[in-house]
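**Q** coordinates only, sequence not included:
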């Protein structure tokens, strides 16, 4: 009898859990879910690639997803909006605009339109303080103009003059 009650609870949760999903997505790759949206968080489970998931929440570069009875956090780039394999051609018009606004992706190729996501909260940004030693450390790693030009030439890049913008 206990098994029957537990099974009914799990099935009920699976059905009602879908109702709370903001969106349906599909894993791009095999995903190691995390208990919290941090790289060093405790593992929460694994999902294979091409698994249909319910997207429950988005926080910075992380998505809280649920599938196969497992809920956890995955990186944004590991999940694409929609179900099934990626389309071979990108959508256009308002559908593409809606996709960018909801997922940060500009097309079916999964190009993410935002960079440098660290998941900092508004409070962390407000309390941020300059770190002169970190800037000094970065400056010590700076390449000279000659080194940068030599590297670009070795990669087959060519110089191109670009006019300055007016400051009007």
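**A** Sure thing, it's come through. Keep in mind that this is a model prediction, so the values were computed, not measured. Residues are numbered from 1 along each chain as shown.

**Q** distance between the ends of stretch 37-54?
**A** The first and final residues of stretch 37-54 sit 16 Å from each other (C-alpha to C-alpha, to the nearest Å).

**Q** Enumerate the positions of that stretch that are buried.
**A** 37, 44, 47, 51, 53, 54 (16 or more other C-beta atoms under 10 Å). Every C-beta, even on glycine, is put in place using the N, C-alpha and C of the backbone.

**Q** Wait, the first one touches residue 65, no?
**A** Right, the one you point to is residue 37. No - counting by C-beta atoms under 8 Å, residue 37 stays clear of residue 65, with 11.1 Å between them.

**Q** what do those two both touch?
**A** The contact sets of residue 37 and residue 65 overlap at residue 73 (C-beta atoms under 8 Å, 6 or more residues apart in numbering).

**Q** Contacts for whichever strand or helix holds residue 63 next, please.
**A** Here residue 63 is covered by strand 62-67, with elements defined by DSSP states H and E. Contact partners of strand 62-67, identified using C-beta under 8 Å, 6+ apart, comprise 17, 21, 25, 27, 33, 37, 47, 51-58, 71-76, 79, 119.

**Q** what's the following helix or strand after it?
**A** strand 70-75.

**Q** Could you point out the helix or strand that follows that following strand?
**A** In the C-terminal direction from strand 70-75 (assignment by DSSP H and E), the next one is strand 79-81.

**Q** in this protein, what spans have low per-residue confidence?
**A** 1-21, 83-120, 168 (pLDDT under 70).

**Q** for this protein, which strand is longest?
**A** strand 52-59 (DSSP state E).

**Q** Report the strands that pair with that one, each with its relative direction.
**A** Applying DSSP bridges, strand 52-59 is found paired with strand 23-27 (antiparallel), strand 62-67 (antiparallel).

**Q** Now do the buried residues in the shortest one.
**A** Residues of strand 23-27 classed as buried under the neighbour-count rule (16+ other C-beta under 10 Å) are 23, 25, 26, 27.

**Q** Perfect, that will be all.
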